[in-house]
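In: Based on what follows, work out the 3D shape:
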Amino acid sequence: MTSDKTQAKFNDTRQRVLDVARVIILGKGYAAVGLNEILTQAVVPKGSFYHYFKSKDDFGRELLEDYFSEYMVMLEGYLGDKSLSSSQRLMRFFEYWLTSQCSECAEEKCLVVKLSAEVTDLSEQMRIALQQGVAKVLQRLTLCIAEAIKDNEIRAAQSAEVLARELYYMWLGATMISKLNRSSDALDAAMAATRTRLGL
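Out: Numbering: from 1, shown residues only. Below is the predicted model:
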C-alpha cells in the first residue's frame, strides 16, 4: 500500500514538472530554460530533477510524448465527433488551430512549431519523439479526410494521405509565419487555402 502511494506521489510530481515545463518552454524555448526554473515553479526541491528523469534528453522526449498524448485526445474530440460530417469535423479542427495559435494563452501554442527547428539538431531522442508524434497526427487527419472523400463531401485530386500531409505542413508553416509577423494573416491564408483545397 505504501509502495502504491509512493509511486502515485512520484508520478504526480513527475507530471507536475512536465506540465509546468511545457508552459515555460512554450514561452521561452527549450535551450533558454534552466532546470532550476522548472523545479522552482513546479515546487519541487532543486537538485531532484534526476530523481524523476534519467537525463535532460530523456526529459525532453517525455515532454513531447506527454504533449502528443494530450494533443491526440484533443484531436479525437474534433475529428471523432460523429454528430458532424467528416468535412465539418475537419474544418472545426482547423478553426480551432487558427484561434488557438492567435490566442495570447501560451498553453495553447503548438509545441511542434516551437521546438522543431530548435531541438532536432540537439537531441536525437526529441527529434524522434517529434517525428513519431507528427506521424500520429497525420494518420488521424488522413482517416478523417478519407471518410470525407468516401462520402463525397470533399473533392480531392490526390490520396487522403497526400492531402493530409499538404494541409498539415501548410498549417505548420503558416503558424511559424504568424509568430514571425505577430499577425494572423498567414493562418487566415491557410484557412482560405484549406477551404479551396477541400472544395468547401
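In: What ranges does the protein have for its helices?
Out: Under the criterion DSSP state H, the chain contains helices at 2-28, 35-41, 49-52, 56-79, 86-102, 111-119, 124-150, 160-181, 185-198.
In: Quick one: those as JSON lines, columns for mean pLDDT too.
Out: Putting those into JSON lines (pLDDT from 0 to 100) gives the following:
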{"stretch": "helix 2-28", "mean pLDDT": "84"}
{"stretch": "helix 35-41", "mean pLDDT": "87"}
{"stretch": "helix 49-52", "mean pLDDT": "86"}
{"stretch": "helix 56-79", "mean pLDDT": "93"}
{"stretch": "helix 86-102", "mean pLDDT": "94"}
{"stretch": "helix 111-119", "mean pLDDT": "83"}
{"stretch": "helix 124-150", "mean pLDDT": "95"}
{"stretch": "helix 160-181", "mean pLDDT": "94"}
{"stretch": "helix 185-198", "mean pLDDT": "94"}
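In: Now tabulate the ones you listed in TSV and tack on mean neighbour count.
Out: Backbone N, C-alpha and C define where each C-beta goes, glycine included. Conversion of the helices of the chain to TSV gives the following (neighbours: other CB atoms under 10 Å):
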stretch	mean neighbour count
helix 2-28	15
helix 35-41	16
helix 49-52	15
helix 56-79	18
helix 86-102	18
helix 111-119	19
helix 124-150	17
helix 160-181	17
helix 185-198	16
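In: give the contact list for residue 95.
Out: Shown in contact with residue 95 (CB atoms under 8 Å, 6 or more residues apart in numbering): residue 191.
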